[in-house]
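> Okay, predicted coordinates and the sequence, questions at the end:
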Amino acid sequence: MSMADSQPASQKIGVVGGGRMGAAIAQIFAAEGFHVLLVEPNASTRAGVGARVAEICRARGQDGSAAARVTTCEEIDASLAACALVVEAAPEKLELKQEIFERLGAACGVETILATNTSVIPVGDIGARAAHQERVVGAHFWNPPYAVRLVEVVQTATTSAATVERTMALMTRVGQMPVHVKRDVPGFIGNRLQHALKREAIALVENGVCDAATVDFVIRNSFGARLGIMGTLEQSDLVGLNLTLDIHKVILNDLDRSTQPQKLLVDLVAAGKTGASVGEGFRAWSAEEKAELQGRLDKALLGAKK
């Protein structure tokens, strides 16, 4: 009998997908003593999971022995049946996620929670082909999940209250900060807020109000500087809702209302200018600038008090 088979279900977690998010989610659970079975069909990605988990342990100042509690395999099979929770962390493609959930529904025990880490796709659509849909739930971790600890636990029209409660408890147990999203709307809470801001930011650049660097400078050095301390609605209450109402009477009618991706974004992607990884997106990037920003972000997030 293997180590995984000998452990109680409450100590076993499954992860489907061994990329950046999947490996990080596996590390979070392994660091708290869970045995994690990670499914990754790509051989080279699968081979790198252990090193990635150990790297995250070092970044968090944790014992690297957690990597030994992560076992990898190639395919979804009955070895996942005894897991308390399986988190799908595959690419954001609906058909692929539906296929994974259909296979998980057949392979896993009826008590296993089936969670998707999707950022925006409605959870009910992803789990539509899974057996026992009352155990399907969203568990949206933010990147990197070991530093940004919020998890959006998304309830579908068929998710049971027990599934939500158990998922919230598991997330709390491993040091994450779960919130209950009571309606399965695209983007949930965080990404709806983030992309409302992003839509307006792109519109300001597209309409010649300012360049991309100025948008980011303004965000970082005005309201962005206080967002980690005070939420948007807290700020409104603090300054007075009468002020918010007066501002909305002036500005709402002039905000961007695009219902499709804006031309500037479409044109940049079409031209291959997809961002820092290729050296140009909304602005030009050197390899050194990209590394400096990523390092600064990781340092700030890991050092932040939650």
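Everything's here; your move.

> List the buried residues of stretch 270-278.
Ala276 (16 or more other CB atoms under 10 Å). Every residue, glycine included, has its C-beta placed from N, CA and C.

> now that stretch: mean pLDDT?
Average pLDDT, stretch 270-278: 97.

> so how far is the first residue of that stretch from its last?
Stretch 270-278 has an end-to-end distance of 13 Å (CA to CA, to the nearest Å).

> Quick one: residues in contact with it.
Stretch 270-278 is contacted from outside by 268, 280-281, 285, 289-290, 293, using CB atoms under 8 Å, 6 or more residues apart in numbering.

> In JSON lines, list those residues along with secondary structure, neighbour count and distance to Phe141.
Formatted as JSON lines, these follow (DSSP: H, G, I helix; E, B strand; the rest coil; neighbours: other CB atoms under 10 Å; distance: CB to CB, whole Å):
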{"residue": "Leu268", "secondary structure": "helix", "neighbour count": "17", "distance to Phe141": "28"}
{"residue": "Glu280", "secondary structure": "strand", "neighbour count": "15", "distance to Phe141": "29"}
{"residue": "Gly281", "secondary structure": "coil", "neighbour count": "16", "distance to Phe141": "24"}
{"residue": "Trp285", "secondary structure": "coil", "neighbour count": "17", "distance to Phe141": "26"}
{"residue": "Glu289", "secondary structure": "helix", "neighbour count": "13", "distance to Phe141": "27"}
{"residue": "Lys290", "secondary structure": "helix", "neighbour count": "14", "distance to Phe141": "23"}
{"residue": "Leu293", "secondary structure": "helix", "neighbour count": "12", "distance to Phe141": "21"}
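
> Just the strands from the stretch 1-150 of the chain, written as ranges.
Under the criterion DSSP state E, counting those that start in this stretch, the stretch 1-150 of the chain carries strands at the ranges 12-16, 35-39, 70-73, 85-88, 113-116, 136-141, 150-154.

> what pairs with the first one, and is each one parallel or antiparallel?
In its sheet, strand 12-16 lies beside strand 35-39 (parallel), strand 85-88 (parallel), with partners assigned from DSSP bridges.

> Pop the domain breakdown of this structure in here.
According to automatic domain parsing, the chain comprises the domains 3-181, 194-271.

> Would you single out the least confident of the ones you listed?
domain 3-181 (a mean of 94).

> Now do the helices in the stretch 101-250 of the chain.
Using DSSP state H, counting those that start in this stretch, the helices of the stretch 101-250 of the chain run over 123-126, 161-173, 190-206, 212-221, 224-227, 232-239, 241-251.

> Burial check on the residue lying closest to Val205 once chain neighbours are set aside, number of neighbours?
In this structure, Val205 finds its nearest non-sequential neighbour in Ala212, 5.3 Å apart by CB to CB, 6 or more residues apart in numbering. For Ala212, the neighbour count with other CB atoms under 10 Å is 15.

> if I look at Ala212, how far off is Asn191?
Going from Ala212 to Asn191 by CB to CB, to the nearest Å gives 20 Å.

> same check, this time on Phe217
Phe217 is 23 Å from Asn191, by CB to CB.

> the more surrounded of the two?
Between Phe217 and Asn191, Asn191 has the larger neighbour count (other CB under 10 Å), namely 17 against 13.

> so what's the more buried one up against?
The contact partners of Asn191, by CB under 8 Å, 6+ apart, come to 119-120.

> what's the answer for Val148, then?
141-142, 301 are the contacts of Val148 under CB under 8 Å, 6+ apart.

> Dump those to CSV, plus distance to Met171.
Formatted as CSV, those follow (distance: CB to CB, whole Å):
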residue, distance to Met171
Phe141, 9
Trp142, 12
Leu301, 18
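
> Quick check: the nearest residue in space to Ile202 that is not next to it in sequence vs Leu104, distance?
Of all residues not flanking Ile202 in the chain, Gln262 sits nearest, at 5.0 Å (CB to CB, 6+ apart). As judged by CB to CB, Gln262 and Leu104 stand 37 Å apart.

> wait, isn't Val36 in contact with Gly14?
Yes: contact criterion CB atoms under 8 Å: Val36 and Gly14 qualify, at 7.3 Å.

> related to what we said a few turns ago, what's the closest of the strands paired with strand 12-16 to Arg129?
strand 85-88 (12.8 Å; CB to CB).
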